[in-house]
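>>> A structural model of the following input is requested.
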Amino acid sequence: MEIEIKDLTVSVNDKKILNNFNLSIKKGEVHAIMGPNGTGKSTLSRVILGDNNYHVDSGDIIVDGKSILSLKTDERARLGIFLCFQNPISIDGITNSEFIRSAINANREKPVGLYEFIKDMEKEIKSLSMKDDIMHRNLNTGFSGGERKKNEVLQIKMLKPKFIIFDELDSGLDVDSLKIVCDNINDYLKNNPDTSVILITHYTRILNYIKPDFVHMMKDGHISVSGDYSLASQIEKEGYNKTSIQEEVNSVE
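Coordinates of the predicted model:
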């Protein structure tokens, strides 16, 4: 999936969060977005998904050549856009299997067969080293932080989105769980090479597992510096403020 974000300006309660934000992502590319708190990283993810709490003042989000600004969140999801939340919500009264099967069937003319669905879900649960009963538990209810993140990746592997946004994927994951999650994501991307990714993070640790094609640093609601993986190493070494001095050197046209 190809994504182009053009001159996107977004506000919340009359406060500007994104300011003429621009980013182009080709099929199969992984783009890491780094930056300090409050610079608009999470806002970007929610605007792409169509969160009504954020007002698009100007600009556009174009997916495979067509604007998606007029589409509702569920319509964007049906296009293949998936947001892996920093803090996934819990829902009582609906099990994991019910939620995922309903989401799969929303994109099919004929519902997925129950046996096929259970077989696939059991396989992916095992690959993520999750407990067998996760299928029958209410969505994220009582889950640990690690279980919630693994559950998001389980949904990805079952729903097969074409554009994935990871918002602080490493939050709440211990070292072992992070490796399992990232191994599963890399496996998914290997088997679905046209899938595009935005990876939002504060730290370079996760970039040691999921290698980005491009790294961007956000400042004041827009991308101030772009480069390859070496930019992430520079940010880790120098911090955000000093790295921003190198804007003219590292920027990608």
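>>> what about G59, how many neighbours?
Using other Cβ atoms under 10 Å, G59 is surrounded by 18 other residues. All C-beta atoms are positioned from the backbone trio N, CA, C, and that covers glycine.
>>> ok, now the one 10 residues further on?
Using other Cβ under 10 Å as the criterion, L69 is surrounded by 13 other residues.
>>> For N208, see how far away it is.
According to Cβ to Cβ, to the nearest Å, L69 stands 35 Å off from N208.
>>> before we move on, what about K162?
For K162, the distance to N208 - Cβ to Cβ - is 25 Å.
>>> ok, these two, which is more surrounded?
Counted by other Cβ under 10 Å, K162 and N208 do not tie: K162 has more neighbours, with 18 against 12.
>>> Quick check: phi and psi at the closest residue to that one other than its chain neighbours.
By the measure of Cβ to Cβ, 6 or more residues apart in numbering, the closest residue to K162 outside its immediate chain neighbours is G80, 3.4 Å from it. Main-chain torsions, G80, degrees, to the nearest 10: phi 110, psi 20.
>>> just N13 next, same as before
Torsion angles, degrees, to the nearest 10, at N13: phi 50, psi 50.
>>> What is the burial count for it?
Quick note: N13 (other Cβ under 10 Å) scores 7 neighbours.
>>> I118 too?
I118, neighbours per other Cβ under 10 Å, totals 14.
>>> Relative to K190, how far out is the residue nearest to K162?
Separation of G80 from K190 (Cβ to Cβ) stands at 18 Å.
>>> Who has more neighbours out of these two?
Neighbour comparison, G80 and K190: the larger count goes to G80, with 18 against 9 (by other Cβ under 10 Å).
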